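S.K.: this is the structure alone, sequence omitted:
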Ligand SMILES: CC(C)(COP(=O)(O)OP(=O)(O)OC[C@H]1O[C@@H](n2cnc3c(N)ncnc32)[C@H](O)[C@@H]1OP(=O)(O)O)[C@@H](O)C(=O)NCCC(=O)NCCS
């Protein structure tokens, strides 16, 4: 059994254009506005629409606690120059298997600029190099190919489909699975 690593404080990760940093309570209004767009709820599993008052504050406080316990880590995706909040990205960690699932959402006005791909690259690097994980996975709905592209552009390999794995509203939907191993990532990052 591998002991959970407490992630406290959550480190800041910088990329060319982005600053990934811990979420703060002051982010709550922007989180509610951006995550509250129906297009975000439509292709994610745990974001409701309409997005109720108080949920963003509750979620932000909970994420800090989860990181302290070591079962996950969530970053705000913000502009490196202007500090504008764009979205969020996370790892849900299973220490027993030394792997994590990557998840993310980006505010609709910022789609299509490569931001999530850039953020995911930094988070995957952190997962392997700082946390020492062996594998990172991610899953998307078949009707969300943009998310699949983010996975592909980060060297994740298609691993198959979990048929009718989730229920959204009144229908079952498939999940498309991607994964990358530490050795594959390391080969591309000597
Ligand atoms: C999925 C999501 C995070 C992508 O964010 P983004 O910052 O726009 O992603 P990027 O710009 O880094 O990359 C998107 C890629 O998808 C491609 N894409 C966009 N729409 C597409 C479509 N309908 N079909 C195929 N590819 C598409 C883009 O062209 C780009 O690929 P390219 O660089 O090869 O051209 C964003 O759309 C989102 O937050 N969606 C709602 C929440 C969600 O679905 N989260 C993921 C759950 S698995």
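M.R.: Thanks, I have the structure now. These figures come from a predicted structure and were not determined experimentally.

S.K.: for the nearest residue in space to residue 152 that is not next to it in sequence, give its distance to residue 139.
M.R.: In space, and not counting its chain neighbours, residue 152 is closest to residue 178: 7.4 Å by Cβ to Cβ, 6 or more residues apart in numbering. Any C-beta I mention is one placed from the backbone N, CA and C, and that applies to glycine too. Here residue 178 is placed at a distance of 7 Å from residue 139 (Cβ to Cβ, to the nearest Å).

S.K.: in contact with the residue nearest to residue 152, which residues are there?
M.R.: By Cβ atoms under 8 Å, 6 or more residues apart in numbering, the residues touching residue 178 are 137-140, 148, 151-152, 156-159.

S.K.: which stretches of the chain have low pLDDT?
M.R.: Where the chain drops to pLDDT under 70, the residues are 1.

S.K.: which residue ranges form the strands in it?
M.R.: In the chain, the strands defined using DSSP state E lie at 13-14, 18-21, 72-79, 85-94, 99-106, 135-140, 157-168, 171-181.

S.K.: starting from the third one, tell me which strands it pairs with and how they run.
M.R.: Based on DSSP bridges, the pairing partners of strand 72-79 within the sheet are strand 18-21 (antiparallel), strand 85-94 (antiparallel).

S.K.: touching the ligand at all, that strand?
M.R.: No: on the criterion Cβ under 6 Å from any ligand atom, strand 72-79 is out of touch with the ligand, staying 8.7 Å away.

S.K.: count residues in the vicinity of the closest residue to residue 163 other than its chain neighbours, would you?
M.R.: Distances taken as Cβ to Cβ, 6+ apart place residue 174 nearest to residue 163, at 5.3 Å, with adjacent residues excluded. A total of 16 residues lie near residue 174 under the criterion other Cβ atoms under 10 Å.

S.K.: I'd say residue 174 and residue 161 touch.
M.R.: Yes: with contacts counted by Cβ atoms under 8 Å, residue 174 reaches residue 161, the gap being 5.1 Å.

S.K.: which neighbours do these two have in common?
M.R.: With Cβ under 8 Å, 6+ apart as the test, residue 174 and residue 161 both reach residue 142.

S.K.: and residue 72, how far from the ligand?
M.R.: Residue 72 is 16 Å from the ligand, where distance means Cβ to the nearest ligand atom, to the nearest Å.

S.K.: my read: that residue touches residue 91, true?
M.R.: Yes: using Cβ under 8 Å, residue 72 is in contact with residue 91, at 6.0 Å.

S.K.: overlap of the contact sets of the two?
M.R.: residue 100.

S.K.: among those two, which residue is more densely surrounded?
M.R.: Using other Cβ under 10 Å, the more surrounded residue of residue 72 and residue 91 is residue 91, with 24 against 19.
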